[in-house]
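Chemist: A structural model of the following input is requested.
(2 chains)
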Amino acid sequence: LAKTTQPISMDSYEGQEVNITCSHNNIATNDYITWYQQFPSQGPRFIIQGYKTKVTNEVASLFIPADRKSSTLSLPRVSLSDTAVYYCLVGLTGANNLFFGTGTRLTVIP
Amino acid sequence: DGGITQSPKYLFRKEGQNVTLSCEQNLNHDAMYWYRQDPGQGLRLIYYSQIVNDFQKGDIAEGYSVSREKKESFPLTVTSAQKNPTAFYLCASRPGHQNTGELFFGEGSRLTVL
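Modeler: As a prediction, the model looks like this:
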């Protein structure tokens, strides 16, 4: 079972780059790594997904080292509206089941 | 617009009553999921369904039941056997059976037992 470990919380000032790291030591060969963002009383929202190396989209970058046992979500120049909980997910090979940990609560400070 | 609709948004229940939470999607997705979220906690999987007329238990299925008679619908019943049903319930869907692809979530249903 490829469970994940993330920091419980992080604080950052507005305009800074934020990096959130996730450990997934038991990741399987076919598993992808996916990050979601959740605001209070709302459903999570997809941010980015990757398998290896680096993936970038309009809101974030995802860095995955060669051994794939960890990944880092990078949010450039955060704003107050980026205050949310961020979840790192690793899929289970051969099953349609994703594990959500407790996530990382990011607080952006003015 | 395509998406997932959960209803009701808020629900109050007396102890001993069964309640059913609705989840409908018009995204033509095969896979659907129900999660439970307690305050300050992550999401825990209750049930999931990869295809019509098939569903599997997740990590915390006790006290819950589901059905998947139609592709677009995956209702969750919280039975009286569920000891602590007060929580935020989230429904999600995904296009296929692969373990890739974005999960699309509804806005959630908040159940409070009085």
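Chemist: when you work out contacts or count neighbours from here on, use the C-alpha atoms and nothing else.
Modeler: Will do.
Chemist: in chain A, what residue is nearest chain B?
Modeler: residue A:102 (4.0 Å; Cα to the nearest Cα).
Chemist: in chain B, which spans are strands?
Modeler: Assigned by DSSP state E, chain B shows strands spanning B:4-7, B:10-13, B:19-25, B:31-37, B:43-51, B:54-57, B:64-66, B:76-78, B:87-94, B:104-105, B:109-113.
Chemist: any chance of the ones you listed in CSV, plus distance to chain A?
Modeler: Below are the strands of chain B laid out as CSV (distance: least, Cα to the nearest Cα, whole Å):
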stretch, distance to chain A
strand B:4-7, 10
strand B:10-13, 11
strand B:19-25, 13
strand B:31-37, 8
strand B:43-51, 5
strand B:54-57, 10
strand B:64-66, 16
strand B:76-78, 17
strand B:87-94, 7
strand B:104-105, 5
strand B:109-113, 9
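Chemist: gap between the residue lying closest to residue B:55 once chain neighbours are set aside and residue B:35?
Modeler: Nearest residue to residue B:55, sequence neighbours excluded (Cα to Cα, 6 or more residues apart in numbering or on different chains): residue B:49, at 4.1 Å. For residue B:49, the distance to residue B:35 equals 12 Å [Cα to Cα, to the nearest Å].
Chemist: pLDDT weak spots in chain B?
Modeler: Scanning chain B for pLDDT under 70 picks out B:1-2, B:97-101.
Chemist: now do the contacts for the residue nearest in space to the middle of it.
Modeler: By Cα atoms, centre = their mean, chain B has its centre lying nearest to residue B:34, at 2.8 Å. Applying Cα atoms under 8 Å, 6 or more residues apart in numbering or on different chains to residue B:34 gives the contacts B:45, B:46, B:47, B:48, B:76, B:89, B:90, B:91, B:92.
Chemist: can you select the buried ones from those in PyMOL?
Modeler: Only the buried members of the contacts of residue B:34 enter the following PyMOL selection, criterion being 16 or more other Cα atoms under 10 Å in any protein chain shown:
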select buried, chain B and resi 45+46+47+48+76+89+90+91+92
